[in-house]
Each structure stands twice: as structure tokens, then as C-alpha cells.
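> structure for the following, please:
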Amino acid sequence: MENANRILYNHNVGGVKIMAKIVKLNEHLSNMIAAGEVVERISSVVKELVENSLDANATNIEINLIDSGLREINIIDNGSGMDKEDVILCFLSHATSKIKNQHDLFRINTLGFRGEAIPSIASVSDMIIKSNSGNEGYYVRMKSSKIVEEGTIALNRGTVVNVSNLFFNTPARLKYLKSENIELANVCELVDKLAIANPKVRFKLTNNKKTLLQTTGNNDMKSILGSIYGTNVIKDMMELSEEENGIKLKLFLIPPTINKARKNAITLVVNGRSVKNYQIINTVIEAYSTLLPNNRYPIAVVFINVDAMMIDINVHPTKAEIKFSSEKMIKDLISKTIKKALSFKQIIPEMSIYKEYKNDSVYRPNKEDAKVEYINDLFEEETIDYEKPKKEALPVLEYIGQYAGTYLLFQNEIGLFLMDQHAAAERIRYEHYLYELANPIRNSQELMFPSIIDVTQKEKIFVLDNMEIFNSLGITLEQAGENSFYLRSVPVWVINNPEEITEEIISFIIANKTVKLEKIRDELAKTISCKGAIKANKSLNLDEVNALVSQLSKCDNPYTCPHGRPTLIKFSEVDIEKMFLRII
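Prediction:
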């Protein structure tokens, strides 16, 4: 038993020397393997080095690239620095100043902690570290994990790291790097996130001596987001704070009228670290809901501060992704906070020809009763009647005409407004059906004569497995034969073709078998709302227009259709006067 824990590299069997198949890798090869996980591309190198600067409490960090970092990466900081011994030790595998024991591993409060980054980078590059902790500067140059030069150096307090010829000894890795522009774009996105996560730090990013980003470090999030996304983006930025169950939340939200084609404009910062958590990011997107057009995403910054014990940050080799032990609580708080903020925000896109903006006063809608009986004609099948009181968030609108049988024209003190009558009707119907689908028992009706729904074997299995979903939607199905069901009851809003709607629901559930009930209700409401809404090229009289505006003003979100298209757009009086050259 005394030899049980020994690694045997060779032994004798019957007098014949047998070589072991398992051998201990040398340190250089181990570092190169680690580099495959930690140092995937140029942005990975920049991330690890800048995070070390941040852990050293640097308040000023410069990232200077040559040829997008393919030729050289240079990081300069004014952090606490290192003395001679630490400059040498930092090149050793798993050597770190950031954790000392097992307890520290479960309460990570620094950005880097594994001690793999420096030796991994040094194993695949020509790397120089110069540092001064306040006494005397010292430098070490490593190439392929070997010290080739070291000595004292004149240097201000802080650290300078230079990485050149990255992946020179791993041509296969070098081959799979992207083009210069793509590698540079990845670095830019990374530094953007780091700047957002650390608003008290001055960042400067250059490539071939051209400045790409520069922040002031004055803790002004508007200034940082403006430098990244443009000043137009931040003019209506919302700043929110919430705290619940030990979760501290700070949000910076850009109104949905300004959006992006990718999710990467959503920045998540947890305990000071810019990270990824796709569940949280999707929660932010879902909170914006139908305020966004299809396949468009918001610009948002989410700061979360929680006890470090609630986080597992060790789930990804580069520490980019994290898991929470109380993820549902965090998601619920984020969703509730965003929805509340957006519900009080007037979101009417302004078609400004000139980049000139002013703060418009909030105008309350016209509360005069419209002749709601005309709504029957607008919605083709049934009267849309809200039983619960609704907020009214549209401005006062004076109707002045219809254009192209599709767009309704209004005016007020702010300017000229155009309403898309189909989008407006869709929004009204969508919220009505969403409400009805959420209250199926109260709004369910039994059919006088049950209908027969024929299904395939696959459909039958899904119906039987998801009978609770059908019941929750107000649809009662009872097996009638090998491949058929009786349709016993449907929601009261199903006036025509209950069989067709039920078949659509079956198809939707099969296509989205892992989707939650809330998502099913939402998608069904969208589908139904579109089919019977006012079409384009339909002339409306004044009473019909008043009915439409009255119903729209009572919606939770009167600003977009269920698919995120605007119901209303605005031309300011100033813009109109400028177009006619009345103002120069």
C-alpha cells in the first residue's frame, strides 16, 4: 500500500523492463496546453492582462496594439506593481497572489485567480514584463517559457507587459486566428465591456497609434456609453437601482427605439466583473418584450452585486461565464425592474432629419369617450373590451386625416404624428388576447356540439403529454378514438373555426415542445391578433379613428405592435420647419 500513491514510470515484468504509458508532462508543454484554453485569440490575451491590471488597483490602463495585436500587444498600468521576486514568480504555473486556500476559492473577489494566464501566454509568445512596486523596477523577458533576459530597470510605479509574435511556435493556432479586422473588433468589444464594468478607471485603446477608445475614469456611465455607442444613444438613458434578498441591482437602460442586431450590446457586470450568463441576458431581452422589433436587441447595462458565495465563476476556462445559486431570484428582480421602468416611459420614435433633440413634455391623452360600438367593424369578429382599468400613456392627439388608406395623421403642440392603423389594431388585439389566455377558466365556453379533431400518432402523443397546457388555455380535449379527440370547450374569444385554432395550437406546441406556458400564450396572442386586425388600405371614419385611439391609449404598451414595429412616429415642428428652410 505504501506505493499506491507513487507514479511509476517503468517497472519489470518477468525480467523485462516495461515503459509506462503515462508520463508527467514538462512545464513548457503543460503551459502550451493551458494556452489552448486560456489564450484562444488576441482578445483573450488582452483580457487576462487587463484584468491583472485591474486586480492591481490600476486607475489608468493603456492598451496599445500593433497590427491589431498580431505583431505586438502592449499594456501599461499605474497599479501596485511587483518587486523582483514577484516578477519572476508570476511566470510559474498556478502561481497567484489572489487565492491562498480552499476558502478563498469559493469567495472569488478578484478578476484573475488561477495563475495560468502569464505562463500560458509566455509559452506561445515573446513576452516581457516590467514592474515596480515602489522601490526599484525589474524586468523579465521570456520566450517559449524560458527566461532569456532579466535585470533592473528605471520605471514608474506600475506594470508594463509586452507580448509580441503571439503563437509563433504554434503555427496551427496562428493559422486559425481571424483576419486583422475581426481580431481588432473582438478586442474593441472586450475593452468596451471592461470600461463599462470599471467606470472609475481611465482606459485608452490604440491600434497602430490610432486611438479607438478613450474614457475619463470619472464614473460617468453616460459618458462611457456615449463614447462607445454615440451621444444620440444616451440622451434618454434610464438609470435604476433596486435591492431585494441581498441582491443589489443597478441598471442603465436605453429606450427600445434604439436597438441593435446582436445581443452583445447587453453588458452584464457581476461584482465588478464583466461576464456572460445567457439566462440573465435573455431575461433582459424578454423584459423589453414586444417593444423591440423581431431579431433586434436592447442596449442595456446590468450591474449585479451579490455575496461571492452565491456565484460559481469557475465554470469556464477564461472565467467569462458564471452560474448563480439563486438565479431565479435574480432573473425575477431584473424582469420586474425593467418592465416597471419601461411601462412609465413614453416611447414614440422621432423621425429627426437633424441631430437636434429637446425634452418634450408629457401630454396626457384625450379622455373624451369615443363611440366604441364602431370598434366591431375595426376588429371584424368581436368587440375588444377591457374590463380592468388601463393607464393612458399617449399624448393628446388631434386627428387631421388619413394617408394612403393606412396611416392616420395627428397633430399637437409637439409636432406631427403618423399612426399605422394595422399596427395599432394588432397591439390592441394582442393585449386583449394575452389577457384572455391568462384567464382561461373565467373565459371558457362549452361547445353545444363537440367537434372532432383528427390527429397523427405524433400529434396524439404530444396532446396527451401536454393536456394540462390545453386546459390552462381554456381548451378541453377528450380522446375519441385511436387518432382523434373531442373538442369540448374553447375560450370565449374563439368565435369562428375553433377546430382550426385548436389545430394551430397543437402544431405550435409540437414545434416548441420545451417552451414555457407564458411563451405559448404570447405567441398565440401574436398570431391571433394579426389575423383579424384592421388591414392597410381601409378607409376609417372619425368615430372609428377615435375608437382606435381610445383603445390604444388604454394598452400597457401603446407604442409598438406585438412584433416590435412602431404604432406611432413623430416629426417635431423644428424638423419640419428646417426641411422647409424656415429655420437654418
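> list the contacts of the helix or strand where Ile501 lies.
Following DSSP states H and E, one finds Ile501 within helix 498-511. Applying Cβ atoms under 8 Å, 6 or more residues apart in numbering, the external contacts of helix 498-511 come out as 447, 451-453, 455, 458-459, 462-463, 466, 469-470, 473, 475, 477, 487, 490, 494, 520, 523-524, 527-528. For the C-beta atoms, the positions are set from N, CA and C on the backbone; glycine is no exception.
> please check these and keep the buried ones.
Buried positions within the contacts of helix 498-511, assessed by neighbour count (16 or more other Cβ atoms under 10 Å), are 453, 455, 459, 462-463, 466, 469-470, 473, 475, 477, 487, 490, 494, 520, 523-524, 527-528.
> ok so, going back, now do the buried residues in the helix holding Ile501.
498, 501-503, 505-506, 508-509.
> now do stretch 246-259: distance to the chain's middle.
Chain-centre distance of stretch 246-259: 10 Å, with Cα atoms, centre = their mean, to the nearest Å.
> thinking again about what came up before, average model confidence for the helix holding Ile501?
For helix 498-511, mean pLDDT rounds to 77.
> which stretches in the stretch 301-450 of the chain count as helices?
Taking DSSP state H, counting those that start in this stretch as the test, the helices found in the stretch 301-450 of the chain are 327-343, 375-379, 421-438.
> next, the buried residues of the first one.
Of all the residues in helix 327-343, those buried under the rule 16+ other Cβ under 10 Å are 329-331, 333-334, 337-339, 341-342.
> ok, the longest one next?
Within helix 421-438, the residues that qualify as buried by neighbour count (16+ other Cβ under 10 Å) are 421-437.
> and Gln279, how far from Lys516?
Gln279 is 13 Å from Lys516, where distance means Cβ to Cβ, to the nearest Å.
> should've said Lys526
15 Å.
> cool, and Phe417?
37 Å.
> could you do Ile88 as well?
From Ile88 to Lys516 the distance is 55 Å (Cβ to Cβ).
> mind checking which of the two has more residues around it?
Neighbour totals were compared for Ile88 and Lys516, and Ile88 leads with 17 against 10 (other Cβ atoms under 10 Å).
> can you list the domain ranges for this structure.
30-214, 234-343, 363-584 (automatic domain parsing).
> format the helices of the stretch 301-450 of the chain as JSON lines; extra columns: mean pLDDT.
Shown next, in JSON lines, are the helices of the stretch 301-450 of the chain (pLDDT from 0 to 100):
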{"stretch": "helix 327-343", "mean pLDDT": "91"}
{"stretch": "helix 375-379", "mean pLDDT": "42"}
{"stretch": "helix 421-438", "mean pLDDT": "87"}
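> Leu292: which of these is closest?
Within the helices of the stretch 301-450 of the chain, the stretch nearest Leu292 is helix 327-343; the backing value is 10.5 Å (Cβ to Cβ).
> gap between that closest one and the chain center?
Centre to centre, stretch against its chain (Cα atoms, centre = their mean), the figure for helix 327-343 is 14 Å.
> which residues touch that helix?
238, 240, 242, 244-245, 247, 249, 251, 253, 256, 277, 279-280, 283-284, 286-289, 291, 300, 302, 304, 306, 324, 391, 556-557.
> among these, which are located in helices?
Among these, the residues falling in helices (DSSP state H) are 279-280, 283-284, 286-288.
> and which of the residues you listed is nearest to Lys47?
Ile280 (19.9 Å).
> give me every residue that touches that closest one.
Taking Cβ under 8 Å, 6+ apart as the test, what Ile280 contacts is 268, 302, 304, 327, 330-331, 334.
> need the max-distance pair from those.
Val302 and Glu327, at 13.4 Å, using Cβ to Cβ across those.
> okay, the buried residues of helix 327-343 in TSV with distance to Asn295 next?
Below are those laid out as TSV (distance: Cβ to Cβ, whole Å):
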residue	distance to Asn295
Met329	30
Ile330	26
Lys331	22
Leu333	27
Ile334	22
Thr337	25
Ile338	19
Lys339	21
Ala341	23
Leu342	19
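> related to what we said a few turns ago, the helix or strand just after the helix holding Ile501 packs against which elements?
Using DSSP H and E, the helix or strand that follows helix 498-511 towards the C-terminus is helix 517-531. Contacts defined by 3 or more Cβ pairs under 8 Å, 6 or more residues apart in numbering; DSSP states H and E place helix 517-531 against helix 421-438, helix 467-472, helix 498-511.
> including distance to Glu72, could these go into JSON lines?
Below are those laid out as JSON lines (distance: least, Cβ to Cβ, whole Å):
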{"stretch": "helix 421-438", "distance to Glu72": "53"}
{"stretch": "helix 467-472", "distance to Glu72": "59"}
{"stretch": "helix 498-511", "distance to Glu72": "51"}
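> mean confidence score for stretch 397-407?
91.
> need the contact list for Thr152.
84, 136-139.
> rerun that using 6 Å as the cut-off
136, 138 (Cβ atoms under 6 Å, 6 or more residues apart in numbering).
> in its sheet, what does the host helix or strand of it sit against?
If you go by DSSP H and E, Thr152 is part of strand 146-153. If you go by DSSP bridges, strand 146-153 pairs up with strand 137-143 (antiparallel).
> got the contact list for the partner strand?
Residues contacting strand 137-143 (Cβ under 6 Å, 6+ apart): 84, 87-88, 91, 122, 126-130, 148-150, 152-155.
> lowest-scoring secondary structure element of the protein by mean pLDDT?
helix 375-379 (a mean of 42; mean pLDDT, DSSP states H and E).
> tally up the residues packed near Ile461, please.
12.
> report pLDDT for it.
83.
> equivalent analysis for Ile313, please.
58.
> for Lys193, same thing?
Model confidence at Lys193 (pLDDT) stands at 94.
> let me see the contact set for it.
Lys193 sits in contact with 267, 274, where contact means Cβ under 6 Å, 6+ apart.
> phi, psi of it?
phi -60, psi -40 (degrees, to the nearest 10).
> list the helices and strands the strand ranked longest in the chain packs on?
Longest strand in the chain, counting residues (DSSP state E): strand 444-454. With contacts defined as 3 or more Cβ pairs under 6 Å, 6 or more residues apart in numbering; DSSP states H and E, the packing partners of strand 444-454 are strand 484-491.
> and with 8 Å instead?
By 3+ Cβ pairs under 8 Å, 6+ apart, strand 444-454 packs against strand 476-481, strand 484-491, helix 498-511.
> looking at the ones you listed, which is closest to Lys209?
Nearest of the helices and strands packed on strand 444-454 (Cβ to Cβ): helix 498-511, 53.5 Å.
> for the closest one, C-alpha coordinates in PDB please.
Taking C-alpha atoms only, helix 498-511 is exported to PDB below (Å, rounded to 0.1, in the frame of the first residue of the first chain):
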ATOM      1  CA  PRO A 498     -62.500  26.500 -33.100                       C
ATOM      2  CA  GLU A 499     -61.100  23.300 -34.800                       C
ATOM      3  CA  GLU A 500     -58.600  25.300 -36.900                       C
ATOM      4  CA  ILE A 501     -57.400  27.400 -33.900                       C
ATOM      5  CA  THR A 502     -57.000  24.200 -31.800                       C
ATOM      6  CA  GLU A 503     -55.000  22.500 -34.600                       C
ATOM      7  CA  GLU A 504     -52.800  25.600 -34.800                       C
ATOM      8  CA  ILE A 505     -52.200  25.300 -31.000                       C
ATOM      9  CA  ILE A 506     -51.300  21.600 -31.400                       C
ATOM     10  CA  SER A 507     -48.800  22.400 -34.100                       C
ATOM     11  CA  PHE A 508     -47.300  25.200 -32.100                       C
ATOM     12  CA  ILE A 509     -46.800  23.000 -29.000                       C
ATOM     13  CA  ILE A 510     -45.200  20.300 -31.100                       C
ATOM     14  CA  ALA A 511     -42.800  22.800 -32.700                       C
END
